[in-house]
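# my questions concern the predicted model and sequence given below.
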Amino acid sequence: MKMKQWLLLVTLLMMTVTSAVGCSKSQAKEEATTVPPAPAQEDTTPIKIQYWHSHDEDQTAGLDYMIKEFNKKYPYITVEPVFQGDYDELQQKLMAAVAAKQVPAVTNVEVAKVPNFSESGMLADLSPYIARDKMDTADFSTGMLKAYNYQDKQYGLPLIVSTSVFVYNKTMFDKEGVTPPQSWDEIEAFAQKLTKKEGNKTTRFAFSVPGWSSWYYDPWIMNGGGSVLTQDNMSAIDQPDSMKFMNKFKEWKDKGYMHIGYGKGASDTMRQMFFDGKIGMVEHTSALIKWYMEKAKFEVGVSFLPGDKKRISQIGGAGIAVMDMASEKEKEAAWKFVQFMTAPENNIKWAEFTGYLPTRKSAIESEEGKQYFSKYPQYKAVFDNFDNVMPRDQHPAYDEVSEFYVQALGKVVLENADVEASFKEAAKQMNDVLAEYATK
Amino acid sequence: MSTKGLLITTRYTVAILITLLMFFPMYWLLITSLKSPDELKAAIPTFWPERLAWENYRDAFRAAPFGRYALNTLIQTVGIVFLQLNISLLAAYAFAKGNFWGRDKWFFFVIAALIVPDQVTFVPVYVMMAKLGWLNTFLALIIPNGVSAYSIFLLRQTFKSLNNDVLEAARVDGSNRLHIIYRILVPMAMPTVVTVIILKFIGSWNSYFWPLIMTNTNDMRVLTVGIAMLKNSVGGSEMLNWHLLMAGSVIVIAPIVILFVFAQKYIVSAMSHSTFK
Amino acid sequence: MSGQLTPKKRLLSFSTLEKWKDFSLALPALLLLAIFTYFPLISSFYISLTNWDLIKPIKKFVGLLNYERLLKDDQFYRVLKITFTYTVLDVALSLLIGLGMALLFNHRSKAFGAMRLLIFMPYYISMVIASMVFVWILNPEYGVLNKALEVFGIDKVFWLNDTSTALWSVVSVSVWKGVGFVMIIFIAGLRSIPTEYYEASSIDGASKWRQLIHITIPLLSPTTLFLIITSFISSMQVFQSVSVMTGGGPLGSTKVMVMWIYEMAFVQFKAGKASALVIIFFFIIIFFTFVQFSLSKRKVHYEG
């Protein structure tokens, strides 16, 4: 009897707790697709929105400037920028925020995460806003815009765009009488001339390609004529054309021409070796061109990646997007902020601040744009190939499956494993995940 | 005599060598925080900075609001320690000296919680905090950490070992339970109480995962999260910013190290009582 | 109490009230545990039976599919093996070195007290910072360790980027940070061993070594058990040091269980599968903790 009484009490207490937690689950139905209201007359009641971002220390000055300018234009909108760590940490915070249904209005989204974020309904489709406000999207670089488009909906706009390029030690190249290779066939002669050895040990590598992220060799896969995924979304990584680059890498590495950094901290090592003249040319993100120019004690040149069957490079960096779960009012303010951040007027200034690429055709052709190129001629190598900068294959499981061929490459680099065997294994692992994904 | 002397000398030498080795990372942390960026890249590392670069600390403070972080950390830590200690004392009394239905079964319910890692519980708890509107407040940092199975366990073991006669006497005198716990048991179990406070203080001061998840804005971040953010922010495109990171790290650990160096003697003797007997 | 003369009925309700009062003291702790530990555990179990992606409000019930996929996945066994390797190395090294240091530093003098203080210090600092310091020391190009090895003609070692050294590097941080605590606890254990035992065996002519094997270690066994169980549980849950130092690499050679769970939930958007992993992991830890307890029941010497 007494036993039952307190049992009842405890149960009741537990129930109130669990129901308090569980109750709003049922309310969490998906809202109907958002149709932005007609541009009613400007609502100027003060509003505060949060902008979650991954802009590091070097970009803070630029961000502060932009927000200040934005405030001049829209005094009633307060934008609170919150740094949430690198792209992975930002993603984690966003997911937690969505789970809690308390989201920021605007956020960065790394380009590779667009399919995943879009598919899960995290981001708002901007297409209706673009149509309503007649934004001239044709002014954006086509590839860059496309990278933030998923299944014909525009889920974000390019904000900080980079692509991988070769940064080279021009002083060294001039002295040795070499120029950066433009095709894979030229690499042998180029590397032979530049590589320095003591016995069997290379003391100066001709070039280096980062092994730590697939972003740096996806273009090599494409240029060799291969691809990561097949048309029907299975792994294509073990096809001969896709493995061509790896066989080449192995050859160049075994000959002592090539350095491949792998793992955490490898980026620091590669950069330092480049500065110390131990590497002639490094593949890296264009976002760091300005940084290389400032830090190096020699003249720095930039060259587009060499080609084989094709000659392309891929888009990296992050875009700016609006969270779907934000209220209509917040979304409206957020959209204004997105427009401002990507507008042609501020495009060059923003690019100069951050070291990322301008995204607007009109901005590049403007007077300011011309000045920019005369100040940083190195960026010209990128823009001469503007149309060959492509978005990556879009697949929600891309991040996950790319991990497998990163590991396959790592096995070849670190443990001298057989190329074909490692890539076959990677393909199998990729297909397991992709199959699991398809049945989801 | 001479063999004994030799033995003692050897013991001292070995002990000093081990101590130096063990202390080296701490020393290196401090020394790096006072080096200039150029000195970090020196071909032969210097064991004492050529010039004490105090500006690293200024730069670290400029890069992140460490004052605010420290205040948040202190509030969080004191909050958790206070809440946990009191809840644990009450529960430990109930489980050690109390008399109620299924007491030991309930105690098992407490102990089993030791095995559940944070990573298991945080998603549902996070959602709960959001529903209550507690996210990004001290409530979310403190309340879910308000109970520690480990503290209850340690205190219960100690209470159990204390003689019942004193308690009976107090009960006959008409003292109520709170009086018995706080006036009689706590003084008798002081070493364990101190141990619980210390362990929780260290744990809460250094906790990272929970405050990382539960806070969203810069003015609610704690020291550990702040330093990790600093690492991402200055470590991103700049290389070898170790002088700044180490300066930030010194700011984070200085308060707790200083506090505990002074209290060391007490801590060691208290901790010695913390294993099960 | 029994001496009090009270009518039977009154005594009963009086003692019921007393029981309620006792229970109410345990209630805050029990409630908090129910809300913040057990409720989330149960809800994780529920999630593990669905294909929830952590974002969409829709959860589709998939039964045991997540469990089936995990148990068929080679990666699961690999991660489990790495986690166990890490745990065994961490616990064994901490305890062995800690015991050795306890024997060495168990000396009542000011100098030794000061040295113990320095050795214990890393215990206070956060794992994030400890890991960062080690990353800096182990830096292949500028780290002080490689510079020191260079003096002895040893070639550059890529501590954190080499599959043969990465796990050891992560273990070394944990040992460095925790060994002082182990030492202190062992010293306390040593000091509680009555000196008569040693005196008696000295008279019998036992060597120091034999004393260690036959007296010290057996009598320390309750302390050792305490340390093994607590450090086993925390080692199995290692996460922060791995995330700062290697991120699970190179080639997944340091990918431990919690790291994988975290990745699965937050990078791959598979909350259902991650929850299933959590539940499996939870039972693995319970199982081994239980095994340790029951194995030791027979072997531990408790003082009377």
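Perfect, thanks for sending it. Numbers count the residues shown, from 1 in each chain, chains lettered A, B, ... in the order given.
# residue of the stretch 1-150 of chain B nearest chain A, please.
residue B:130 (3.1 Å; C-beta to the nearest C-beta). The C-beta positions use only the backbone N, C-alpha and C, and glycine is treated the same way.
# surely that residue meets residue A:103?
No: contact criterion C-beta atoms under 8 Å: residue B:130 and residue A:103 do not qualify, at 10.4 Å.
# spit out the contact partners of residue 173.
This is for chain A. For residue A:173, the contacting residues are A:179, A:180, A:194, A:280, A:281, A:301, by C-beta atoms under 8 Å, 6 or more residues apart in numbering or on different chains.
# sorry, should have said chain C
By C-beta under 8 Å, 6+ apart, the contact set of residue C:173 is C:127, C:130, C:131, C:134, C:241, C:245.
# distance of residue C:86 from residue A:295?
Residue C:86 is 38 Å from residue A:295, where distance means C-beta to C-beta, to the nearest Å.
# what's the domain layout of chain A?
A:40-162+A:316-386, A:163-315+A:393-439 (automatic domain parsing).
# okay, now residue C:183: neighbour count?
26 (other C-beta atoms under 10 Å in any protein chain shown).
# what of residue A:121?
Neighbour count for residue A:121, taken as other C-beta under 10 Å: 18.
# can you tell me the SS state at it?
Of the three states, residue A:121 takes coil according to DSSP: H, G, I helix; E, B strand; the rest coil.
# before we move on, the earlier item: could the contacts of residue A:173 go into JSON lines alongside pLDDT and neighbour count?
As requested, these are exported to JSON lines (pLDDT from 0 to 100; neighbours: other C-beta atoms under 10 Å in any protein chain shown):
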{"residue": "A:179", "pLDDT": "94", "neighbour count": "13"}
{"residue": "A:180", "pLDDT": "95", "neighbour count": "23"}
{"residue": "A:194", "pLDDT": "94", "neighbour count": "22"}
{"residue": "A:280", "pLDDT": "95", "neighbour count": "27"}
{"residue": "A:281", "pLDDT": "96", "neighbour count": "27"}
{"residue": "A:301", "pLDDT": "94", "neighbour count": "23"}
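# of those residues, which ones also sit close to chain B?
By C-beta under 8 Å from any C-beta of the partner chain, no member of those lies near chain B.
# of those residues, closest to residue C:232?
Distance to residue C:232, by C-beta to C-beta, is smallest for residue A:281 among the contacts of residue A:173, at 50.0 Å.
# give me the phi and psi for the closest one.
Here is the backbone geometry of residue A:281 (degrees, to the nearest 10): phi -150, psi 130.
# can you check the one 3 residues further on too?
Reported as degrees, to the nearest 10, the phi and psi values for residue A:284 are phi -160, psi 180.
# how about it: what's its closest non-neighbour residue?
residue A:167 (5.6 Å; C-beta to C-beta, 6 or more residues apart in numbering or on different chains).
# kindly report the same for residue C:249.
Here the residue nearest residue C:249, using C-beta to C-beta, 6+ apart, is residue A:263, at 5.1 Å.
# surely the one you found is in a strand?
No: counting by three-state DSSP, residue A:263 is not part of a strand but coil.
# list the contacts for it?
Contacts of residue A:263 (C-beta under 8 Å, 6+ apart): A:212, A:410, C:158, C:160, C:161, C:246, C:249, C:250.
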